[in-house]
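[1] Need a 3D model of the following:
(one chain, ligands or ions: 1)
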Amino acid sequence: MNDNALHSDPLTTSRTSAAAAAAGAAPVPCPTVDTLDRILPEEPLLMMGAGPVPIPDAVAKANTVVINHLGDTMARVIQQVKTMARYVFQTRSNWVLGVAGPGSAAMEMAISNLAWPGTRVLSIVNGFFSQRMAEMAGRVGAEVTTLDVANREIASLEAVAQAIERTRPAVVTIVHGETSNTVWNRELKEIVQIAKAAGALVVVDAVCTLSTMPLEMDAWGIDVVITGGQKGLSSIPGVSLIAFSDAAWERVRTRTVPNTHWCLDAMLAENFWHNAGYHYTAPVSGVLALHEALRLVCTETLEKRFARHQRCSLALQSGVTALGLALYTPQTCRLNSVVGIELPEGATARAVCNHISQQYQVEIAGSFGLPIVRIGQMGEQCREHNLFRTVHALGRTMSDLGVKVDLPAGVAALEESLSAGSREARR
Ligand SMILES: *Cc1c(COP(=O)(O)O)cnc(C)c1O
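    Residues are numbered from 1 along each chain as shown. Next up, the predicted model:
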């Protein structure tokens, strides 16, 4: 008889379940596992998918450091992170905060602080991530209406105006760049204007686009901007940023219904991000990494960074097209931060992604069941040497899988576009 058997109910415990319970009570044996260098690929993969993206050395180095999360050093780091984030978001708002968690946690922070049971939310849905905001709003009990936009299209201003007129939302959610189907909501500024004129607060998901293309929080009148670390900013995944306008902060501050998400409660988070007080232990290493990522953005400047992204993405698009492959999204709403490529007859996303990873050590992405593969153009992905390696690997992969492509033409088009772009930049 062991302890477990003694404690089990004598009326319901059969012989067999007693034996199982006895096995369950045995100590868990110490496992033997592989060391990481046996699990990780021998040659590091070039991360050209839809995030996470490669990180610069300064970011990697900062990510190895642990400091006191409430000390003076941390307070200085936080101060600088907020100052740099204001530049990247193009906002003078005081209400900039970090979030321990993925881009989705920042998203949930925005939604759960601004919406509660009964709040009318209009979600403009044109893909996987914009749908996620609608889902989150529903979960906090909001009355959610979605404006469903056809795949590879953007919401028309008339449709947005009508939906706002019909639903009178307190909060409108929209994604700047829909990473899933590579659509750019290029009329974001005008949509924000329409929503603001109707008195709504506008939440913008800029996870994939922030620091890769223009987004001006204050000038465009956006109330909440969220972003993750592992995309445009080229930091590590798991530490994110959010900024609230004064109007949004006022709604958060004066709400009477408590936020059910304790970790994501913006008023509690403010204690750490603005008063150097305790909320939860911040991911100090990740915040240091984010500091370095933001510092590199500031060193480069947004203007130059946007130009680098545009030049690299257009060159990649031209290289891919010259290979003989088709881009997924029409040019009128094509996102540059992530490039979607149609799968040719007979190729599957899984086969392409596995092959290019295993044979050429380049990682690219499929997309939630869409017939495409995606190549990211965010942060460190936008470097010439990475583009040559990626176009080469993609062309070879297609050939290996029996798809006819013109690899020399692809590489030549890439080179032509890059050198035309740099002549342009020098002029
Ligand atoms: C990646 C992404 C997200 C989700 O970010 P996670 O860090 O995976 O939670 C949300 N929105 C957009 C537009 C994205 O590209």
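
[2] Which parts of the stretch 251-400 of the chain are helices?
    Listed in chain order, the helices of the stretch 251-400 of the chain (DSSP state H, counting those that start in this stretch) span 266-275, 284-300, 302-323, 349-360, 384-400.

[3] So for the ligand, which of those sits nearest?
    With C-beta to the nearest ligand atom as the criterion, the ligand lies closest to helix 284-300 of the helices of the stretch 251-400 of the chain, at 12.4 Å. C-beta here means a position set from N, CA and C on the backbone, and glycine is covered the same way.

[4] contacting residues around E345?
    V403 (C-beta atoms under 8 Å, 6 or more residues apart in numbering).

[5] Then V99?
    Taking C-beta under 8 Å, 6+ apart, we find V99 in contact with 105-106, 109, 239-242, 264, 269.

[6] What of G379?
    53-54, 211-212, 231-234, 293.

[7] circling back to that earlier point, nearest to A26 among the helices of the stretch 251-400 of the chain would be which one?
    With C-beta to C-beta, the closest approach to A26 among the helices of the stretch 251-400 of the chain belongs to helix 284-300: 37.2 Å.

[8] helices and strands around that closest one, which ones?
    When contacts are defined as 3 or more C-beta pairs under 8 Å, 6 or more residues apart in numbering; DSSP states H and E, helix 284-300 packs onto helix 57-62, helix 72-89, strand 95-100, strand 239-244.

[9] relative orientation of that helix and helix 302-323 in degrees?
    90 degrees (axes from the mean of the first three to the mean of the last three C-alpha atoms, to 10 degrees).

[10] closest to T332 out of the helices and strands packed on helix 284-300?
    Within the helices and strands packed on helix 284-300, the stretch nearest T332 is helix 72-89; the backing value is 26.6 Å (C-beta to C-beta).

[11] Turn the contacts of V99 into CSV, columns for pLDDT, neighbour count and distance to R253.
    Putting the contacts of V99 into CSV (pLDDT from 0 to 100; neighbours: other C-beta atoms under 10 Å; distance: C-beta to C-beta, whole Å) gives the following:
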residue, pLDDT, neighbour count, distance to R253
A105, 98, 20, 21
A106, 98, 28, 19
M109, 98, 27, 15
V239, 98, 30, 24
S240, 98, 27, 21
L241, 98, 28, 20
I242, 98, 28, 15
L264, 98, 22, 15
A269, 97, 21, 13
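
[12] so which of the residues you listed comes closest to L70?
    Looking across those and measuring by C-beta to C-beta, the closest to L70 is A269, at 14.3 Å.

[13] Could you list the buried residues of stretch 388-406?
    Residues of stretch 388-406 classed as buried by neighbour count (16 or more other C-beta atoms under 10 Å): 388-398, 401, 403, 405.

[14] and what of stretch 338-348?
    Buried-residue list, stretch 338-348, by 16+ other C-beta under 10 Å: 338-341, 343-344, 347.
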